[in-house]
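1. got a predicted structure plus its sequence, pasted below:
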Amino acid sequence: MREDRSPCAFGPDSAYVELAAEVFSLLADVTRIRIILALRDGEMSVNRLSDVVDKSPTAVSQHLAKLRWGKVVRARQDGNRVFYSLVDEHARQLVTQAVFQAQHVVDEQPAHHAASSTPPPHPAG
């Protein structure tokens with residue numbers, strides 16, 4: 001994935017503000033956040049995702065349908081199996097930043113602020 005490094009130039013009156021709120025609403029679900037975290041490193045089948053996020057395949061499929069509608073994930077069919085992946089890096093970045101913000105609530109010195117040349121590990125759980 002190509003990471004967008006350009007600064008945000010949108011102002012408070014941007015036509016995208018309302019759509020951005022819809023994106024946050026779409027991502028405001030624990031299972032969907034876990035699905036996005038699980039898909040950071042590559043595609044997975046519904047059954048594998050269901051194991052990783054500890055939800056039924058039916059529930060995961062319903063969440064994936066919403067994430068597909070929001071153009072956050074894409075599906076690839078291989079025979080009778082469907083594999084899901086993130087469309088781009090933006091949802092991953094949003095979720096990662098939200099988890100980092102959550103670390104500030106819990107930890108006085110969040111792990112992501114540690115002086116290190118290596119990226120922080122994937123958040124547990």
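-> All right, it came through fine.
2. Pro57 touches Val46, doesn't it?
-> Yes - between Pro57 and Val46 there is a contact at 5.2 Å, judged by CB atoms under 8 Å. Quick note: C-beta positions are derived from backbone N, CA and C, even for glycine.
3. the two - which one has more neighbours?
-> Val46 (19 against 15; other CB atoms under 10 Å).
4. and the gap between the more buried one and Ala75?
-> 9 Å (CB to CB, to the nearest Å).
5. try Gln93
-> For Gln93, the distance to Ala75 - CB to CB - is 21 Å.
6. what are the ranges of the strands in the protein?
-> Secondary structure of the chain by DSSP state E: the strands cover 44-45, 73-78, 81-86.
7. will you turn those into CSV that also has mean neighbour count, mean pLDDT and distance to Val52?
-> CSV is the format used below for the strands of the chain (neighbours: other CB atoms under 10 Å; pLDDT from 0 to 100; distance: least, CB to CB, whole Å):
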stretch, mean neighbour count, mean pLDDT, distance to Val52
strand 44-45, 17, 98, 7
strand 73-78, 13, 96, 14
strand 81-86, 17, 96, 12
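8. turn those into CSV, columns for distance to Gln62.
-> What follows is those, written out as CSV (distance: least, CB to CB, whole Å):
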stretch, distance to Gln62
strand 44-45, 16
strand 73-78, 13
strand 81-86, 13
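9. contacts for the longest helix along the chain next, please.
-> Ranked by residue count under DSSP state H, the longest helix found in the chain is helix 90-106. Helix 90-106 has contacts (CB atoms under 8 Å, 6 or more residues apart in numbering) with 4, 23-24, 27, 33, 36-37, 39-40, 67, 72-73, 86, 110-112, 123.
10. surely Leu64 meets Ala38?
-> No - Leu64 is beyond contact range of Ala38, at 11.1 Å (criterion: CB under 8 Å).
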